[in-house]
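**Student:** following is a predicted model, sequence given first.
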Amino acid sequence: MPAPTSRRIADRIEAAVTSCARQGVALTELRRQVFGLILEAGTPVTAYQLLDRLKKTRKGAVPPTIYRALDFLLARRLIHKIESLNAFIPCIDPAHGSHSAQFLICRTCGAVVEVEDRAISRALGNAAARQGFHATHALIEVTGECAACVAAA
Ligand SMILES: [Zn+2]
Ligand SMILES: [Zn+2]
């Protein structure tokens, strides 16, 4: 996965500030900083890695500081939590409606790619509905090897 350029990161932060303002909430300096760290990382980052990085500029940062910011970013759909890694990545498209998504996780290099295949979401929704189950949230994590690692092997 190519490292995101600082220009792109700045654009994404600016877009997040605007979308939060439209929703009547503020992307505070701290939330902006945590979001920036997740965007910069390029691979999934854990809360503790974020805390370490945040401490470089905020000496007083403690775990609740990070968890509150992460909760906010998750609720605003700016980031995703990869449950199997207990780590966070930026959402590729914070505007995507249902926010059902699939993640391809490379075991070799750690890269995670988010794909949003509506056919998968629909099939899953239908399968759940046949069980009389009302699905509200579905994140699928697929483990394997990315194209670059397969090519390098
Ligand atoms: Zn997403
Ligand atoms: Zn890989």
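**Tutor:** Structure's in. What do you need? Numbers count the residues shown, from 1 in each chain. Ligands and ions are numbered 1, 2, ... in the order given.

**Student:** quick one, helices of the protein?
**Tutor:** For the chain, the helices defined by DSSP state H cover 6-22, 29-41, 47-55, 63-75, 118-130, 147-152.

**Student:** which of those helices is buried the deepest?
**Tutor:** helix 29-41 (a mean of 20; mean count of other C-beta atoms under 10 Å). Glycine gets a C-beta too; all of them are placed from N, C-alpha and C.

**Student:** just to revisit the earlier point, turn the helices of the chain into a markdown table, including distance to ligand 1 and mean pLDDT.
**Tutor:** Listed next are those as a markdown table, based on distance: least, C-beta to the ion, whole Å; pLDDT from 0 to 100:
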| stretch | distance to ligand 1 | mean pLDDT |
| --- | --- | --- |
| helix 6-22 | 13 | 90 |
| helix 29-41 | 12 | 96 |
| helix 47-55 | 18 | 96 |
| helix 63-75 | 11 | 95 |
| helix 118-130 | 12 | 90 |
| helix 147-152 | 21 | 96 |
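
**Student:** which one of these lies nearest to Asn86?
**Tutor:** For Asn86, the closest of the helices of the chain is helix 47-55, at 8.0 Å, according to C-beta to C-beta.

**Student:** what does the protein put close to ligand 2?
**Tutor:** Contacts of the chain with ligand 2, taken as C-beta under 5 Å from the ion, map to 106, 108-109, 111, 146, 149.

**Student:** nearest to ligand 1: which residue in the protein?
**Tutor:** Cys91 (3.3 Å; C-beta to the ion).

**Student:** doesn't Arg76 make contact with that residue?
**Tutor:** No. When contacts are counted by C-beta atoms under 8 Å, Cys91 is not listed as touching Arg76 (9.5 Å).

**Student:** residues near the nearest residue to Cys146 once chain neighbours are set aside, how many?
**Tutor:** Using C-beta to C-beta, 6 or more residues apart in numbering and skipping the chain neighbours, the partner closest in space to Cys146 is Cys106 (3.9 Å). As a burial measure, Cys106 scores 19 neighbours (other C-beta atoms under 10 Å).

**Student:** distance-wise, check Cys106 relative to Ile82.
**Tutor:** 12 Å (C-beta to C-beta, to the nearest Å).

**Student:** need the overlap of contacts for these two.
**Tutor:** Val112 (C-beta atoms under 8 Å, 6 or more residues apart in numbering).

**Student:** that concludes my questions; thank you for your assistance.
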